[in-house]
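**Student:** Curious how this folds, go ahead:
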Amino acid sequence: MRRPPARSAFSEGEADQSGLTSSDTFFDIGAAPARSAAELRVALGNSNSRLKPRASILPPQSLRKTASTGDLGTVFPSVALEKAKSRARIEVDIVLESDTCVQGSYLKGLVKIHVRKCLKKDSPLLLARGKIRVVGFECIPLEDNRCTFYQRSALLSEVTTCSQDLYKGAPDQDGWAEAKEGIHVMPFAMLLPVDGSCGTPKGILNIHSGVSVRYVAMASIKVRDPKTSKESVAHFYRDCEIWPRLEVALSLAPAPRPLSGEVCKGVFMGGSGKVKFTARLHRLHWVAGQRCTVQLRVVNETKKTIKGATIALIRTTTVFRPHPHLAAGNGSRIADPDACQTSTMRKQVSEATLEMGQRCAKGHASAKGWWTGVAPGQTSEFSHHILLPADALSVARVRLLEVEYTLRVSVTAGSMGSDVHVILPIRIVNFVSLDPPHSSPL
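**Tutor:** Coordinates of the predicted model:
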């Protein structure tokens, strides 16, 4: 898969003369996993979302320059997180209208900003560049590796109609304005574009310990103390789900040619003849929670009756652990940021078995079952299905993770011998991507 080019999610806006740029300080899409992991670890806190006391972050590398000098070597100091201070003067909260959003829809909710009353020794705070952002990232187990692959951000002034209520007056030339004390509640609606300009969301994934795809919706605002000129960022986030938008007509359209697998194999105690077995799928994409139907054809040239057919859904999870110095062998001192070690985990997540029913018997108007197997010398075509788990999801690799699904389709002549099987690939999508919830702007 082609990796999206590295880009800063905060490239819009000019640089100002302060320690922070007028864009922002959080997260670069396309940054090395080590940097992404460090940024996320600091901003999101530990497993209980608790921040490390006096935590601070570094500005993105792409923003380490000033408008006045253009010096690419200028390094900005770290910026404190207001929430990590012993006494935060600005409290930010974000409350979502729904935790689920699809590309092309509006993420809606409320931003709450509490500007605390100044003490006698304090100066009124200055605020600037309030923002809403959604960040999607991959996580892998055992090591603190995370990689940002999706980010959409917008100024509060672009997604709400009452951001000016935060301030006592107009902003100065650098965008700073004096904060108005009190609790400010601002409804917002932020459009998540479908053009891929923010990256491509995958949906959520949490299949086993440490392997996950997560999204957070975050509100933040820059803070400055005019007395000391010290700056910080006040922020707060909540988990959410972001899904890709898929067209029903394209995703569920039949493939130009059926996906098929074919095998010819003998069976235990079946003589010199063989079983010719073919399994076919009419399309590649299937929806989680639905029946996936497979067409089977069996030509039985053995002495045994084919008595059962089974479809098993196999999930293959590949983890790509970054090891930049793997490619630095042979005396080379240049590390490859894309070098990695892979580990693969396979698990059968569901199974459906079709057993041979009873044949027609004298004096009976019916018999148990609908499929009567494939007798020696016979050819039979029939279908069988498996119910896909509601939480199954195929995930294409960006950097750290890849999740693939396959169907192992088999027929057997009994429990004593091995089965005859083929493997078919499928891709599983979520129904919400095909039929997203209704949303509208403010």
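**Student:** which residues in the stretch 301-442 of the chain form strands?
**Tutor:** In the stretch 301-442 of the chain, the strands defined using DSSP state E, counting those that start in this stretch lie at 308-322, 340-355, 379-387, 401-412, 420-429.
**Student:** Tell me which of the ones you listed approaches residue 291 most closely.
**Tutor:** Proximity to residue 291 (CB to CB) singles out strand 379-387 among the strands of the stretch 301-442 of the chain, at 4.5 Å. Every C-beta, even on glycine, is put in place using the N, C-alpha and C of the backbone.
**Student:** thinking again about what came up before, quick one: which of the strands of the stretch 301-442 of the chain is nearest residue 58?
**Tutor:** Of all the strands of the stretch 301-442 of the chain, strand 308-322 sits nearest to residue 58, with 19.3 Å by CB to CB.
**Student:** residue contacts, residue 317?
**Tutor:** Residue 317 makes contact with 207-208, 211, 344-347, 401-403, according to CB atoms under 8 Å, 6 or more residues apart in numbering.
**Student:** Helices of the stretch 251-400 of the chain, residue ranges please.
**Tutor:** Using DSSP state H, counting those that start in this stretch, the stretch 251-400 of the chain contains no helices.
**Student:** Give me the below-cutoff pLDDT ranges for it.
**Tutor:** Counting by pLDDT under 70, the stretch 251-400 of the chain shows low-confidence ranges at 324-338.
**Student:** May I see the buried residues of stretch 184-200?
**Tutor:** 184, 186, 188-192, 198-199 (16 or more other CB atoms under 10 Å).
**Student:** repeat for stretch 220-233
**Tutor:** For stretch 220-233, burial by neighbour count (16+ other CB under 10 Å) applies to 220-224, 231-233.
**Student:** distance between that stretch and the chain's centre?
**Tutor:** 33 Å (CA atoms, centre = their mean, to the nearest Å).
**Student:** Of the buried residues of stretch 220-233, just say which sits nearest to residue 268.
**Tutor:** Distance to residue 268, by CB to CB, is smallest for residue 220 among the buried residues of stretch 220-233, at 65.9 Å.
**Student:** Apart from its chain neighbours, what residue comes closest to that closest one?
**Tutor:** Spatial nearest neighbour of residue 220, excluding adjacent residues (CB to CB, 6 or more residues apart in numbering): residue 235 at 3.8 Å.
**Student:** which residues does the one you found contact?
**Tutor:** 26, 43, 81-83, 92, 218-221.
**Student:** ok, 6 Å please
**Tutor:** The contact partners of residue 235, by CB atoms under 6 Å, 6 or more residues apart in numbering, come to 92, 218, 220.
**Student:** What is the nearest of those residues to residue 310?
**Tutor:** Distance from residue 310 was checked for each of the contacts of residue 235 by CB to CB. The minimum falls on residue 218, at 46.4 Å.
**Student:** any idea which element the closest residue to that closest one other than its chain neighbours lies in?
**Tutor:** In this structure, residue 218 finds its nearest non-sequential neighbour in residue 237, 3.9 Å apart by CB to CB, 6+ apart. Taking DSSP states H and E as the criterion, residue 237 maps to strand 231-243.
**Student:** swap in residue 113?
**Tutor:** Assigned by DSSP H and E, residue 113 belongs to strand 106-115.
**Student:** in its sheet, what does that strand sit against?
**Tutor:** Applying DSSP bridges, strand 106-115 is found paired with strand 90-96 (antiparallel), strand 182-191 (antiparallel).
**Student:** Give me the nearest residue to residue 287, chain neighbours excluded.
**Tutor:** The shortest distance from residue 287 to any non-neighbouring residue, by CB to CB, 6+ apart, is to residue 431 (5.2 Å).
**Student:** Need the pLDDT of that neighbour.
**Tutor:** What the model reports as pLDDT for residue 431 is 97.
**Student:** what's the spacing between it and residue 392?
**Tutor:** Remark: distance between residue 431 and residue 392 (CB to CB, to the nearest Å) = 12 Å.
**Student:** circling back to that earlier point, for the strands of the stretch 301-442 of the chain, which one sits closest to residue 260?
**Tutor:** Counting by CB to CB, residue 260 lies closest to strand 420-429 out of the strands of the stretch 301-442 of the chain; the figure is 7.6 Å.
**Student:** ok, back up a step: what mean pLDDT does the strand holding residue 237 have?
**Tutor:** Mean per-residue pLDDT for strand 231-243: 95.
**Student:** try stretch 203-217
**Tutor:** Per-residue pLDDT values across stretch 203-217 average out to 88.
**Student:** Same check on stretch 177-193?
**Tutor:** Mean predicted confidence for stretch 177-193 is 94.
**Student:** Do I have it right that residue 348 meets residue 312?
**Tutor:** Yes - using CB atoms under 6 Å, residue 348 makes contact with residue 312 at a distance of 5.2 Å.
**Student:** And the residue nearest to residue 220, how far from residue 216?
**Tutor:** To residue 216, residue 235 is 10 Å away according to CB to CB.
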